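Colleague: Model the following, please.
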Amino acid sequence: MRSLGRRRWFVATLLGAALSAPITAAQAQSGKLTGVVTDKESGKPVEGAAVVVQGTTLGATTNASGRYFIIQVPPGTYTVQGRRLGYQSVSATNVVISIDATREQNFQLRASNQTLQAITVQADQAPLIERNQIGSSSVITAEQIQGLPVTSIAGVLALQQGFTEVPANTGVVSLAEEQRSTTQPVRVRGGRGGSTLSMIDGIAINNPLFGSDAVSLNALAVQQVNFQRGGMDAQYGNALSGVINQAVREGGSEVSGSLDFQNSTLPGTVFGTKQDELNGLNLLRGYLSGPVPGTRSKIRYAVSGQVQSQAQRVLEFDNDIFTVNSPITRNDALPPGARDLNGGWQAYGGSQNSQVVAKMTFLPFDKTTLKLSGIGSERAVRNYDRRLYYNFRGDPLALVNNRADSLNILSDGGNRLSRDLIQPSVSDRGQLYVASLEQRFGRSNITFRAAQTNFERETCPYFLGTCIPGPFFRPNFDQNFLSPSPGVAGGDRIPDAGIVDGVFGGEKFTTRTFKVDVQSQVTDHNNLQF
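Modeller: Take a look at the predicted model:
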């Protein structure tokens, strides 16, 4: 009785807060399960049958017409069981629940006066087109993500129709846009980067200034990805081209996990693949999830992390390089340039990223769920740019092996100021904290969701391996670049050159947003859709 009283007080407090809180639009982050339970022999509906989603506290009882509704089901693959006293229980495996979609699973129970062994059936495959879908949509589950030969969510989405990740150094986007972010720009159906809404657990994570993702998830931290192209619902008000809705992995009733390490240097050395060796890919990632011991699966956890580093570009050059000791003859149709000092495979730039994702699920009552999640990520990129050629290899004097070439570089032999190149490097740090409370009332529910996002980005040009904290050389020199081209005096700014336009020395900014959403949902008896 005391437990019942506490529960009533908890629900009353929840309702009071709901009535006093401002109602704002929120994005659904769960699915719905419905269906009909009938007698296998007569085909009549079975009233009072229990339908349970195994591994969760979710379930429902059929009404007089045999219909049941289970709402607020987290996305994933489940085993659903239908049972009633006097009938043989039936379990349906591989029932896929998708974000913002309704899945129908029917059961046929066989009447019996004696105890029989339970029956397990294979659930119907998820439909290619959801019945309430108004635009093109793709659902990628955690099992599919782990089975694909990719290491990021962007790699998963690149296999879907309508998603385009713009490669670096292609001239498709401006140099400023390419260098201001640690991730490649995304185009969905030709739209700009900011026109695609990216969400994690129903919270928008777009950078308010640049439109790119302020926080990105590693592939093992995702339970499901819902990728919509065009025709979005009204709840996605800021989306023009598409919606990328990601659900963070939640802990189940059983312990599970995996550990993955990838390296390209060792295989490249052993098998003689110079490109893989120079790429220097190192990827360590893993996850662990399950119930907290001693809580009877009332508290569940899921933790994942990733550390990755590799070169930004690996290119192959010919061996026709420039040296002072090899004079150019008239027979040379296309002689090497004065800065053509490298031959064979070369690695340029680099990228590093690390991430930790944690999510805690608390189930105090059968119809109450409290979720707390936190994401922290750090990314740093030194992009490849042919105009900053020497800087990627360090001091250009290290590229030559004779005194004549060294004197040529230090003199006006076509390499003036080659040692004064400044290379932009971008690093960012992002955090996302989400707390949600879900309360179900039969075929309706209410959800409170509060989130805070922190994003910090810093651009630091490097001059001979040293970070330049401010504008270089002259107060009015805002390009952060000293040209090595002949005829440009040392320290002079190239008017309107746009070499590193938009990248300023020591630039640093921080954005923080806080959001509270209240979402309510009521399910009609005669309508299977949301």
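Colleague: C-alpha only now, for contacts and for neighbours.
Modeller: Will do.
Colleague: Quote the end-to-end distance of stretch 203-222.
Modeller: The first and last residues of stretch 203-222 sit 14 Å apart, counting by CA to CA, to the nearest Å.
Colleague: Quick one: residues in contact with that stretch.
Modeller: Stretch 203-222 has contacts (CA atoms under 8 Å, 6 or more residues apart in numbering) with 27, 142, 145-146, 151-153, 181, 183, 185-186, 193-195, 197-199, 246-249, 285-287, 303-306, 355, 357, 375-377, 430-432, 451, 453, 455, 511.
Colleague: The closest residue in space to Ser138 that isn't next to it in sequence and Thr295: what is the separation?
Modeller: Leaving out its chain neighbours, the residue that sits closest to Ser138 by CA to CA, 6 or more residues apart in numbering is Phe227, at 5.1 Å. As judged by CA to CA, Phe227 and Thr295 stand 36 Å apart.
Colleague: These two: who's more crowded?
Modeller: For Phe227 versus Thr295, the count of surrounding residues by other CA atoms under 10 Å is larger for Phe227: 21 against 11.
Colleague: coming back round to it: among the contacts of stretch 203-222, which are located in helices?
Modeller: Ala142, Ile145, Gln146, Ile153 (DSSP state H).
Colleague: Make JSON lines out of these and add distance to Ala50, pLDDT and neighbour count.
Modeller: Output for those, formatted as JSON lines (distance: CA to CA, whole Å; pLDDT from 0 to 100; neighbours: other CA atoms under 10 Å):
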{"residue": "Ala142", "distance to Ala50": "28", "pLDDT": "87", "neighbour count": "20"}
{"residue": "Ile145", "distance to Ala50": "33", "pLDDT": "87", "neighbour count": "22"}
{"residue": "Gln146", "distance to Ala50": "33", "pLDDT": "84", "neighbour count": "14"}
{"residue": "Ile153", "distance to Ala50": "38", "pLDDT": "86", "neighbour count": "18"}
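Colleague: Kindly indicate whether Met232 is helix, strand or coil.
Modeller: Following DSSP: H, G, I helix; E, B strand; the rest coil, the label given to Met232 is coil.
Colleague: I'd like to know how far it sits from Val186.
Modeller: 18 Å.
Colleague: Those two: who's more crowded?
Modeller: Using other CA under 10 Å, the more surrounded residue of Met232 and Val186 is Val186, with 23 against 20.
Colleague: For that one, name its beta-bridge partners.
Modeller: With DSSP bridges as the criterion, Val186 is bridged to Glu165.
Colleague: Could I get the contacting residues of it?
Modeller: Phe163, Thr164, Glu165, Val166, Arg192, Gly193, Ser212.
Colleague: Distance-wise, check it relative to Val357.
Modeller: Val186 sits 23 Å away from Val357, going by CA to CA.
Colleague: Ok, Arg403 next?
Modeller: Distance from Arg403 to Val357, by CA to CA: 53 Å.
Colleague: Gln346 too?
Modeller: Gln346 is 35 Å from Val357, by CA to CA.
Colleague: For those two, indicate the residue with more neighbours.
Modeller: Val357 (24 against 17).
Colleague: Rank the helices and strands of the protein by mean pLDDT and give me the bottom one.
Modeller: Within the chain, confidence by mean pLDDT, DSSP states H and E is lowest for helix 2-20 among all helices and strands, at a mean of 49.
Colleague: could you pull out the helices for the chain?
Modeller: Applying DSSP H to the chain gives helices spanning 2-20, 142-147, 153-157, 175-179, 265-271, 274-279, 389-392, 403-410.
Colleague: Buried ones among the contacts of Val186?
Modeller: Phe163, Thr164, Val166, Gly193, Ser212 (16 or more other CA atoms under 10 Å).
Colleague: out of those, who's nearest Thr368?
Modeller: Nearest to Thr368 among these, counting by CA to CA, is Ser212 at 34.5 Å.
Colleague: Give me the neighbour count for Gly272.
Modeller: Gly272, neighbours per other CA under 10 Å, totals 11.
Colleague: What pLDDT does the model give it?
Modeller: Note on Gly272: pLDDT of 83.
Colleague: likewise Ser520?
Modeller: Confidence score, pLDDT, at Ser520: 64.
Colleague: again, but for the one 5 residues further on
Modeller: The predicted structure scores His525 at 42 on the pLDDT scale.
Colleague: can you check Phe107 too?
Modeller: Looking at Phe107, its pLDDT is 94.
Colleague: What score does the residue nearest to it when sequence neighbours are not counted have for pLDDT?
Modeller: Spatial nearest neighbour of Phe107, excluding adjacent residues (CA to CA, 6+ apart): Val37 at 4.7 Å. Looking at Val37, its pLDDT is 94.
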